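1. Pasted the sequence and its predicted model underneath.
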Amino acid sequence: MTENKKDFLDEKESRNKTELANRIAEQSQKVANTYRSMESGLFRIFRWFSGFFDRIIFNQKYSKIVALVLAVLLYAIYNYNTMVASYTSTLRYARPLNNVPVTARYNTDTFELSGLPATANITITGDAANVTNALTSGGSVIANLEGLTEGQHDVKLSGEGFGDNVTVVVEPSTVRVVLKKKTTRQFDLSYDFINQTGMESIYSIGTPEFEYTKINVRASKDTLDSIAFVKALIDVSGKADNFEQDARLVAYNAAGYPVEADIVPETVHVTVPVTSPNKTVPIEVQVSGEIPDGKAIASITTDQQSVTIYGSETVLSGIDRVIVTLNAATINKDSTILRPIVLPTGVNSSNINQITMSITLGEGVTKEITGIPINYRNNVNNYKASQPDNKTTTSVTVFGTKENVDAVVIGDINVYVDMKDAQPGLQQFQLQVDQPTGGLVRYSLNESLYELNVLGDSSPDSDNSTGTESNND
């Protein structure tokens, strides 16, 4: 029984294997049939495409279209890199940079350059990081003139020092420049003091002494012809004693503008004396206007009667007083007034710059003084003259306080005629009177015209019956 079961199982297993083998064989046949079918289909498609391509390629009707397609295909293959760069350039970063210094490369010892702009504008293109680095790289624009001769040239400008990973476009890209040969000419040396506001005003600068007084200047003939003078610029800031320095030399044209030129050498050694000349002169009060309400100035006292002024010896020699003005029309009672000291022209400074005036008023009175001689001034032609009525004196009314008026005598008053414009013949002159210094009294002429017969002949030693020569100003 057991043996029969075993045989049954063996037979069943054998049948299963046979069925499996049959299924595999059937599947393989199906795959082979499918492959043959696909191969046949692909072959038919290839034959159709080959036939279609032959009809298109070798058909005269479509030859121009085929040629155009082939040309476009060849152009795209040949310019592939450029097209890619053009496509990607839209993604690049561009930044303008204005006023970039322009540097010229040429023989500066031989030639003078003109026409080159000092700056140019550029545009830097590249990726963001490289453009940012280029903007801070300190690059410049170069004009390469090396090897060029004298004359006019069109020169290309190019960017340099911005890095190799960016593209630099310069505007303008080309400039027209002129090269001129240099020559040398000698000029006399003059000088200017600079920064004088930095020097205390009590000091005076003397005449500087130079190591040499002739200067060589090298430039083109046109430039040399435009130079009017060469100056040493002496810096006196903070100087309080004699000093020495190497002063910078600058060439100027006739209008006072600097001229670009090679000055050999560029500086000159100079010795400068510094002194402090001064002079003490009296302070004089000059009164203008009239006290209101018929009053007059009885007295004026000042807290300072003299002032020490500083300046050059030449200026100081011509100054014998310093004037302080007072407008009497602003005073109506006894007052104490602070007034500034106005320094004469050429005076640098003074030890005081203002004074205090104490002014006392009093009742004004008048007094007529007669018998005052009539003098003359400015008889530049030494004319002889006579007065038809033999009148040689006049009268003056004096106004002030009684004490001050009573103190005035004839000799204090100077009445005169100005003969500067006198012509021969009988004519009238305007009488004039010098007002007194100090302003305590005021003179008024009682007559304004004076008639003289001016003779045409003149003599350096001639007498004049009208009075005496008056040199008072």
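-> Nice, I can see it.
2. correct me, but residue 175 touches residue 158?
-> No - at 11.6 Å, residue 175 does not count as touching residue 158 under the criterion of CB atoms under 8 Å. From N, CA and C alone the C-beta is placed, and that goes for glycine too.
3. neighbour count winner among these two?
-> residue 175 (18 against 15; other CB atoms under 10 Å).
4. Look up how far residue 108 lies from the more buried one.
-> 18 Å (CB to CB, to the nearest Å).
5. before we move on, what about residue 300?
-> 71 Å.
6. more neighbours, the two?
-> residue 300 (16 against 11).
7. Heading C-terminal from the helix or strand of the chain with the lowest mean pLDDT, find the next helix or strand.
-> Least confident helix or strand of the chain, by mean pLDDT, DSSP states H and E, is helix 80-89 with a mean of 58. Next along the chain after helix 80-89, taking DSSP states H and E as the criterion, comes strand 93-105.
8. what's that next one in contact with?
-> 113, 116-128, 131, 135, 139-146, 157, 159, 177 (CB atoms under 8 Å, 6 or more residues apart in numbering).
9. likewise stretch 163-178?
-> 104, 113-117, 120-127, 130-131, 133-134, 137, 139, 141, 143, 145, 151-159, 162.
10. Any of these buried? List them.
-> Among the contacts of stretch 163-178, those classed as buried by 16 or more other CB atoms under 10 Å are 104, 113, 116, 120, 122-126, 130-131, 134, 139, 141, 143, 145, 153, 155, 157, 159, 162.
11. Pairing partners for the residue nearest to residue 343 when sequence neighbours are not counted in the sheet, please.
-> Spatial nearest neighbour of residue 343, chain neighbours left out: residue 350 (5.9 Å); criterion: CB to CB, 6 or more residues apart in numbering. Taking DSSP bridges, one finds residue 309 as the beta-bridge partners of residue 350.
12. Tell me how the protein divides into domains.
-> 93-181, 185-275, 278-363, 365-458 (automatic domain parsing).
13. Turn these into TSV, including distance to residue 35.
-> TSV is the format used below for the domains of the chain (distance: least, CB to CB, whole Å):
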stretch	distance to residue 35
domain 93-181	54
domain 185-275	92
domain 278-363	119
domain 365-458	139
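14. re earlier: check contacts around the residue nearest to residue 343.
-> Residue 350 neighbours (CB under 8 Å, 6+ apart): 307-310, 322, 341, 343.
15. Repeat the analysis, applying 7 Å as the threshold.
-> 307-310, 341, 343 (CB atoms under 7 Å, 6 or more residues apart in numbering).
16. What is the three-state secondary structure of residue 108?
-> Secondary structure assignment for residue 108 (DSSP: H, G, I helix; E, B strand; the rest coil): coil.
17. any idea how far residue 161 is from it?
-> Taken as CB to CB, the span from residue 108 to residue 161 is 20 Å.
18. Residue 449 now?
-> Distance from residue 449 to residue 161, by CB to CB: 88 Å.
19. of those two, who's got more company?
-> Neighbour comparison, residue 449 and residue 161: the larger count goes to residue 161, with 13 against 10 (by other CB under 10 Å).
20. With adjacent residues omitted, what lies nearest to the more buried one?
-> residue 139 (3.4 Å).
21. Touching, that neighbour and residue 162? I think so.
-> Yes - Residue 139 lies in contact with residue 162 (CB atoms under 7 Å); the separation is 3.9 Å.
22. now residue 364, nearest residue through space, not along the chain?
-> residue 296 is the one closest to residue 364 (CB to CB, 6+ apart), at 3.7 Å.
23. List the buried residues of the host helix or strand of the one you found.
-> Applying DSSP H and E as the criterion places residue 296 in strand 295-302. Neighbour-count burial for strand 295-302, with 16+ other CB under 10 Å as criterion, is recorded at 295-298, 300, 302.
24. Residue 68: which of those is nearest?
-> residue 302 (110.8 Å; CB to CB).
25. Isn't that closest one up against residue 355?
-> Yes - in this structure residue 302 lies within contact range of residue 355 using CB under 7 Å: 5.0 Å.
26. quick one: common contacting residues for the two?
-> With CB under 7 Å, 6+ apart as the test, residue 302 and residue 355 both reach residue 283.
27. In space, what's closest to residue 284 - neighbours in sequence excluded?
-> Closest to residue 284 by CB to CB, 6+ apart is residue 321, at 4.8 Å.
28. which ones are touching the one you found?
-> Residue 321 touches 281-282, 284, counting by CB under 7 Å, 6+ apart.
29. do the same with residue 442
-> 399-400, 435 are the contacts of residue 442 under CB under 7 Å, 6+ apart.
30. let's see it at 6 Å
-> Applying CB atoms under 6 Å, 6 or more residues apart in numbering to residue 442 gives the contacts residue 399.
31. Checking my notes, it in a helix, right?
-> No - secondary structure assignment (three-state DSSP) places residue 442 in strand, not in a helix.
32. ok, now how distant is it from residue 349?
-> From residue 442 to residue 349 the distance is 34 Å (CB to CB).
33. Apart from its neighbours in sequence, what residue is nearest residue 378?
-> Per CB to CB, 6+ apart, closest to residue 378 is residue 420, 3.9 Å.
34. and if you look at residue 448?
-> residue 431 (5.7 Å).
35. Report all helices and strands that the helix or strand containing residue 397 contacts.
-> Taking DSSP H and E as the criterion, residue 397 maps to strand 393-400. Packing contacts for strand 393-400, counted by 3 or more CB pairs under 6 Å, 6 or more residues apart in numbering; DSSP states H and E, involve strand 365-377, strand 441-445.
36. distance between the helix or strand just after the first one and the chain's centre?
-> Scanning the chain past strand 365-377 towards its C-terminal end, the next helix or strand to appear is strand 383-386 (assignment: DSSP H and E). Offset of strand 383-386 from its chain centre (CA atoms, centre = their mean, to the nearest Å): 61 Å.
37. and stretch 295-311, average pLDDT?
-> Averaging pLDDT along stretch 295-311 yields 93.
38. Would you work out how far apart the start and end of it are?
-> Using CA to CA, to the nearest Å, one end of stretch 295-311 lies 40 Å from the other.
39. would you list every one of the helices in this protein?
-> With DSSP state H as the criterion, the chain has helices at 2-57, 63-78, 80-89, 128-135, 221-226, 313-317, 402-406.
40. Tell me, how many residues neighbour the closest residue to residue 230 other than its chain neighbours?
-> Take residue 230 and drop its neighbours on the chain: the residue closest to it by CB to CB, 6+ apart is residue 187, 4.5 Å away. Using other CB under 10 Å, residue 187 has 20 other residues around it.
41. What distance do you get for residue 187 to residue 219?
-> For residue 187 relative to residue 219 (CB to CB), the value is 11 Å.
42. Then residue 253?
-> Residue 253 is 12 Å from residue 219, by CB to CB.
43. Could you check which of the two is surrounded by more residues?
-> residue 219 (22 against 14).
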